[in-house]
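> could you look at this predicted model? Sequence included:
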Amino acid sequence: MRTPPTTPPAAPVAPRAWSGRPAPGPAASATAVFVRLKLALLRGGLRQSSGRRAAFAVAAVVSLLLAASQLLVLIALRGHEHAAAVAVVLAVVLAAGWAVVPLLVPGGDETLDPTRLVMLPLRPRSLVVPLLAASLVGVGPVFALALAAGCAIAVAHGAAGAVTAVLAVPLTVLVCVALARAVAAANIRLLTSRRGRDLALLSGLFIAIGFQFVNIGVEKLTAPGGLALLEPAAGVLRWVPPASAVAAVRASGEGAYGEAAVLLGLTAAAPVLLLWWWEHSLTRLMTSPDGSTLRAVSAPSRRERAGSGPAALLPAGRSSTVMVRSLRYVLRDPRTKAAWATSLGIGLLLPVVSSVQGNRTLWTACWAAGLLGMQMFNQFGQDSSAFWMVVQTVSSPRDAYRELRGRLLAPAAVGLPYVTLVTVGSAAFLHRWPDLPEVLGVALALFGALLGTGAVASALFPYSIPQDSGYKNVAPGQAGLAWMSILGGVFAGALLCAPVVGPVVWLHVTGGHAWLWLALPVGVAYGTALALLGLRLAAPRTAARLPEILTAVSKG
């Protein structure tokens, strides 16, 4: 039997690209893929709805118009004695914005989350350049480019300044983008967690507080000679990238080539350090285990932790349990946390802003008591349809009293030290110590009055808070109830403070300043009495209206 002839193996054929040209390198191909991915994400997001397309178009037009206006203003400042200070400070503000915005809007760019690429056969170092190139696609880099070009034009003089500006502008944009990527990668675990979503929900508070400081700064800078206030800060910030690139343009135009080289070298070193930090964060993200791969905490240790802490010091009973539950809602529920954080932040900020604007009065500290006292309103609406569990445990006005007392103790436990701290801090900041007793007494009386009226309003005017809407705080058809509850309660609380405010005004008019210290103990006692009276009035009405309250708060 003959054996069949064997066929020699074919020679290996080198792979060829589809176009007949040599295949591109891995870095170049990965960069192109990530840029196309960014464009595909932008197109996919715009195809979701017409409202999203309209919002993107409006945001893009507004951003480009703002960039063009800033560019024209900076060009107009060319030759001004304080143009360099404005350009340096503006470059630092631009970089700070790029660092902060990804933290406030973590869902704005899907490519900011490198953990989605963990399952791909890619090394962290090979991801740096493609992700950086993808970050240069969008309206934000165009805005940064226009602002950086305006800063360079404002300080560039001569041929040396123009040549340095050609290098400084792209370096400035590169520093901003690399800073945004490095900060986002270092905090991506936070941004994709529940705390990160809470941070995004609280971004409105941060923006509101930031605008207050911006308003104060613009007011100071637009005053005659206000731009001179930037000179000391610019003298320090000129050594901080990317402001050092703008300072290098000015130094080269003035003939200080050595200083310009040092400043430009600082700017060039910044992206290198930021990319190294970014790569280190990527390596840690793609190699370290997350919460889903770690061993769960055992049940006994959870029970041990539940029985420890400040909650263990409270007496046993329904009121203590309800108080702890309400405080946990503040820490865990995004809407409740946002409402409390807004009240705490604005109540602390208003006295500072008012004093900076020239209104150096201690009475602005009463805003802290008013804003925090309003958290007592619509207590049952926060439970939504889960209020039925509370209904099952309330069988008498006594049970309703204990339930409301626990809900009142939660804002009281935070509000009493907070109002005292804000008032004392404002007195120290304004150097108005003689006014402290009367202001603190009125503030605590107002706080107690709002707690009491809030308990009554919660029983008489409950309304639902939608759980599936990011911007509505009242269910459809219940806006009238919300206005009656809040406005009626606030006006009633303010009127109930008349027995404390009236004698204070009378002592000021008659010159009895030596007796104004009595406003503090009287305000504490009167505020406590109003809070207890509100509980006494609200408890029987709550017990009698449980079905109506459950129906009202379940509509969302």
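In hand now; what should we look at? Numbering: from 1, shown residues only.

> so residue 333 touches residue 386, yeah?
No - Residue 333 lies out of contact with residue 386 (CB atoms under 8 Å); the separation is 11.3 Å. In this view, the C-beta of every residue, glycine as well, is placed from N, C-alpha and C.

> neighbour count winner among those two?
Between residue 333 and residue 386, counted using other CB atoms under 10 Å, residue 333 has the larger neighbour count: 15 against 10.

> would you list the phi and psi of the more buried one?
phi -80, psi 120 (degrees, to the nearest 10).

> so what pLDDT did it get?
With respect to pLDDT, residue 333 has a value of 75.

> contacts only, for the nearest residue to it once chain neighbours are set aside.
Once flanking residues are discounted, residue 333 sits nearest to residue 382: 7.4 Å by CB to CB, 6 or more residues apart in numbering. Listed by CB atoms under 8 Å, 6 or more residues apart in numbering, the contact set of residue 382 reads 329, 333, 335-336, 465.

> neighbour-wise, which one of those residues leads?
For these, the largest number of neighbours (other CB under 10 Å) sits with residue 465, at 22 neighbours.

> in three-state terms, label it for me.
What DSSP: H, G, I helix; E, B strand; the rest coil gives for residue 465 is coil.

> pLDDT value on the residue found closest to it once you drop the neighbours it is linked to in the chain, please?
Residue nearest to residue 465 in three dimensions, not counting chain neighbours: residue 381, with 5.1 Å by CB to CB, 6+ apart. With respect to pLDDT, residue 381 scores 82.

> which one of the contacts of residue 382 is nearest residue 73?
Comparing those against residue 73 with CB to CB places residue 335 closest, at 39.9 Å.

> and the helix or strand harbouring that closest one, what's buried?
Taking DSSP states H and E as the criterion, the element that holds residue 335 is helix 334-356. Residues 335-355 are the ones in helix 334-356 that count as buried (16 or more other CB atoms under 10 Å).

> just the CA atoms of that helix, as CSV, please.
What follows is helix 334-356, C-alpha atoms only, in CSV (Å, rounded to 0.1, in the frame of the first residue of the first chain):
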residue,chain,number,x,y,z
PRO,A,334,-30.1,62.6,47.5
ARG,A,335,-33.1,65.0,47.5
THR,A,336,-33.1,65.4,51.3
LYS,A,337,-29.3,65.8,51.3
ALA,A,338,-29.4,68.5,48.6
ALA,A,339,-32.1,70.4,50.5
TRP,A,340,-30.2,70.3,53.7
ALA,A,341,-26.8,71.1,52.1
THR,A,342,-28.4,74.1,50.3
SER,A,343,-29.9,75.5,53.5
LEU,A,344,-26.6,75.0,55.4
GLY,A,345,-24.4,76.4,52.7
ILE,A,346,-26.6,79.5,51.9
GLY,A,347,-27.2,80.2,55.5
LEU,A,348,-23.5,80.3,56.2
LEU,A,349,-22.7,82.2,53.0
LEU,A,350,-25.2,85.0,53.1
PRO,A,351,-23.7,86.8,56.2
VAL,A,352,-20.3,86.7,54.5
VAL,A,353,-21.5,88.0,51.2
SER,A,354,-23.6,90.7,52.9
SER,A,355,-20.7,91.9,54.9
VAL,A,356,-18.3,92.0,51.9
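
> who are the packing partners of that helix?
Secondary-structure packing of helix 334-356 (3 or more CB pairs under 8 Å, 6 or more residues apart in numbering; DSSP states H and E): helix 194-201, helix 203-221, helix 318-332, helix 366-373, helix 397-430.

> report the mean confidence score over the first one.
Within the predicted structure, the mean pLDDT of helix 194-201 is 58.

> what about the nearest residue to residue 150 once chain neighbours are set aside, distance to residue 509?
Spatial nearest neighbour of residue 150, chain neighbours left out: residue 74 (3.3 Å); criterion: CB to CB, 6+ apart. Counting by CB to CB, to the nearest Å, the gap from residue 74 to residue 509 is 55 Å.

> could you do residue 409 as well?
Distance of residue 409 to residue 509, given as CB to CB: 38 Å.

> just give me the neighbour total for residue 514.
So residue 514, with other CB under 10 Å, has 8 neighbours.

> oh, I was asking about residue 265
12.

> how close does it sit to residue 160?
Residue 265 sits 16 Å away from residue 160, going by CB to CB.

> same check on residue 402?
Distance from residue 402 to residue 160, by CB to CB: 79 Å.

> the two: which is more packed in?
More neighbours surround residue 402 than the other of residue 402 and residue 160, with 21 against 18 (other CB under 10 Å).
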